[in-house]
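Undergrad: Next come a sequence and a model predicted from it.
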Amino acid sequence: MSDEKTEYTITDLSKEFEITSRSIRHYEDESLITPTRRGVHRIYNNRDRVRLQLILRGKRLGFSLAEIKEIIDLYGMEGEQKQTERLLELISVRRDSLKQQLKDIKYLLNEFDVLEEKLTASITPNN
């Protein structure tokens with residue numbers, strides 16, 4: 001018989017993943033996780049725990065909750081290959097977006113350098 005835990009409370013998961021209970025309830029409101037109820041208490045199973053891991057990983061990668069839900073749901077509806085193909089598409093879009101942001105940041109940093117140099121020269125006393 002396995003000692004592996006199969007049920008979790010919202011407190012268990014919030015401590016394990018270092019997120020607030022409110023965040024977990026928000027993911028529930030968005031139908032990303034679906035705990036069962038025992039009286040007024042939410043009971044999460046291993047499936048919910050894995051989905052929570054995937055949600056948090058998706059957020060770290062910059063995906064929206066709608067995109068995360070789409071990817072997670074594809075596995076159950078259309079299988080792993082379709083899920084992988086869609087994830088690769090989203091990664092490509094996200095990568096292109098980050099490259100554009102990096103380009104924009106580099107441009108702005110250069111603009112700051114030019115402006116700072118002009119302003120510094122304008123306040124330097126003439127000898």
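TA: Right, received. Where do you want to start? Numbering: from 1, shown residues only.

Undergrad: What does the pLDDT read for the most centrally placed residue in the chain?
TA: By Cα atoms, centre = their mean, the mean C-alpha position of the chain lies nearest to K59, the distance being 0.2 Å. With respect to pLDDT, K59 has a value of 96.

Undergrad: Name the residues of the longest strand along the chain that are buried.
TA: Taking DSSP state E as the criterion, the chain has its longest strand at strand 41-45. Applying a neighbour-count criterion of 16 or more other Cβ atoms under 10 Å, the buried positions in strand 41-45 are R42, Y44, N45. Any C-beta I mention is one placed from the backbone N, CA and C, and that applies to glycine too.

Undergrad: any idea how far the residue nearest to the centre of the chain lies from K82?
TA: Separation of K59 from K82 (Cβ to Cβ, to the nearest Å): 22 Å.

Undergrad: what does D113 give?
TA: Plainly put, D113 is 47 Å away from K82 if you go by Cβ to Cβ.

Undergrad: what residues does the lowest-mean-pLDDT helix or strand in the chain touch?
TA: Least confident element among the helices and strands of the chain, by mean pLDDT, DSSP states H and E: helix 65-78 (a mean of 89). Outside helix 65-78, the residues that touch it by Cβ atoms under 8 Å, 6 or more residues apart in numbering are 27, 30-32, 51, 54-55, 58-59, 63, 82-83, 86-87, 90.

Undergrad: Who are the packing partners of the helix or strand following it?
TA: Downstream of helix 65-78, the first helix or strand assigned by DSSP states H and E is helix 80-123. Judged by 3 or more Cβ pairs under 8 Å, 6 or more residues apart in numbering; DSSP states H and E, helix 80-123 is in contact with helix 65-78.
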